[in-house]
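Q: quick one, what's the 3D model for this:
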Amino acid sequence: MRADPQAPGGAPAEPTVPVADPTAVHAVVGAGGATGRRLVAHLHRAGYRVRAVTRDGRDVGVPGVETAGADATDARDLAAACRGAVAVHHCVMPVLARWRSDFPVVTDALVDAASRVGARLVYADDTWMYGRVGGPMTEDTPWRPVSSKGVLRAWLAERMLHAAAAGRLQVSVVRAGELYGPGVRSLLGDNVFVPALRGWPVQYLGDPDLPLTPTFIDDFAATLAAAGTADTSDAGVWHVPHPGATTGRALAAEACRQAGTRLRLVRHGSARVRRLGSVLPLAREGAEMVYQFEQPFVVDGGRAARAFGTTPTPYEEGVRRTLAAVRHGGHGGRGGRGGREPLSDGGDRGDGGA
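A: From the prediction side, this is the model:
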């Protein structure tokens with residue numbers, strides 16, 4: 001089996017995005033989080049039949065879509081909620097305190113459920129498994145995680161890709177960088193946009209002058225949708241397309257410019273975050289991830305852009321839409337940090353990635 005579709009001569013094929021089939025169900029599991037809601041809306045606008053699956057079957061704010069309730073740790077329950085689906089989108093995110101206990105259970109349940117209903121599993125992933133890098137991250141970058149969360153992420157992705165290699169189902173892994181956008185809480189979302197709007201100092205973790213490609217949440221949703229509708233490989237790995245690299249300082253400056261405030265930036269390194277971790281549990285959990293912002297944090301999504309024809313959102317527009325959401329109280333939704341739904345109501349992911 002191949003990791004990517006191949007054209008004659010060994011070059012990666014470029015699948016054509018199909019016309020929407022109104023009878024094909026796309027089940028979004030974890031539809032209550034920011035990424036899940038955006039994905040539901042994106043698929044619905046494109047004309048697909050969408051089923052929003054949450055723990056309690058609640059309305060996710062997108063008129064005209066089906067809803068279903070399911071326990072994300074129960075494969076039978078999930079299979080019932082995803083019946084008839086051609087793609088099952090994994091946007092579930094356990095609360096941080098239960099990552100090690102719940103994440104493997106949820107992932108295995110989704111693999112089992114998708115294989116039972118004969119659907120492609122599309123996984124909303126991040127780049128933590130790559131570890132320390134010196135340049136842009138591509139789908140071929142070796143996995144060398146340097147954090148416990150990165151090791152877990154690598155292991156989860158490997159389990160899904162192994163299931164695909166064993167012929168149980170087809171899998172698409174879609175990886176995003178540091179998320180920002182309406183409803184997202186992340187290191188950027190919490191420390192850049194809210195302070196910029198309120199005229200507070202921007203608290204930046206890492207080096208604000210290194211190359212950075214933050215991922216706008218709608219671009220993440222668009223790439224997940226494209227993978228679920230156009231990826232024909234047995235086990236595809238895709239990076240979200242981004243505009244050219246910016247920096248943390250430039251992003252914060254743009255946020256302040258649009259907010260009409262003056263940029264005041266305070267830099268925090270990993271050593272300072274670790275010291276804060278002695279009294280703040282969230283800082284303690286996040287300290288091991290600051291390394292990402294102390295090296296070039298550039299995600300190369302050129303392969304997906306060429307294959308699916310997706311165009312990334314310019315940073316100026318992404319900042320404008322994020323600030324608008326903050327103004328209207330739409331920042332930091334129930335989906336927790338990074339914008340995916342926790343297994344329990346409320347809670348916080350406590351990470352800064354996808």
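
Q: distance of the residue lying closest to residue 160 once chain neighbours are set aside from residue 321?
A: Computed as CB to CB, 6 or more residues apart in numbering, the closest residue to residue 160 that is not its neighbour in sequence is residue 171, at 4.9 Å. Just so you know, the C-beta spots here come from the backbone N, C-alpha and C atoms, and that holds for glycine as well. Separation of residue 171 from residue 321 (CB to CB, to the nearest Å): 31 Å.

Q: which residue ranges of the chain form helices?
A: 34-45, 75-81, 99-117, 148-165, 187-188, 194-198, 217-230, 248-259, 270-276, 281-286, 302-308, 315-327 (DSSP state H).

Q: got the contact list for the third one?
A: Under the contact criterion CB atoms under 8 Å, 6 or more residues apart in numbering, helix 99-117 has outside partners 29, 72-76, 78-79, 82-85, 88, 90, 92, 94-95, 120-121, 149, 152, 155-156, 159-160, 163, 168-169, 343.

Q: what's the answer for the first one, then?
A: Outside helix 34-45, the residues within contact range by CB under 8 Å, 6+ apart are 26, 28-31, 50, 52, 60-62, 64-65, 89, 91, 124, 179, 181-184, 217-218, 220-222, 224-225, 228-229, 333, 335, 338-341, 354.

Q: so for that helix, mean pLDDT?
A: Helix 34-45 comes out with an average pLDDT of 96.

Q: between that helix and helix 315-327, how big is the angle?
A: Helix 34-45 and helix 315-327 are oriented at 110 degrees to each other (axes from the mean of the first three to the mean of the last three CA atoms, to 10 degrees).

Q: list the buried residues of helix 34-45.
A: 34, 35, 36, 37, 38, 39, 40, 41, 42, 43, 44 (16 or more other CB atoms under 10 Å).

Q: need those residues in a markdown table with distance to residue 256, can you?
A: Output for these, formatted as a markdown table (distance: CB to CB, whole Å):
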| residue | distance to residue 256 |
| --- | --- |
| 34 | 23 |
| 35 | 26 |
| 36 | 30 |
| 37 | 28 |
| 38 | 25 |
| 39 | 30 |
| 40 | 32 |
| 41 | 29 |
| 42 | 30 |
| 43 | 35 |
| 44 | 35 |
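
Q: quick one on the thing from earlier: export the helices of the chain as a markdown table, with columns for distance to residue 134.
A: Listed next are these as a markdown table, based on distance: least, CB to CB, whole Å:
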| stretch | distance to residue 134 |
| --- | --- |
| helix 34-45 | 29 |
| helix 75-81 | 40 |
| helix 99-117 | 28 |
| helix 148-165 | 17 |
| helix 187-188 | 21 |
| helix 194-198 | 30 |
| helix 217-230 | 25 |
| helix 248-259 | 18 |
| helix 270-276 | 18 |
| helix 281-286 | 23 |
| helix 302-308 | 18 |
| helix 315-327 | 23 |
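
Q: right, I'll call it a day here.
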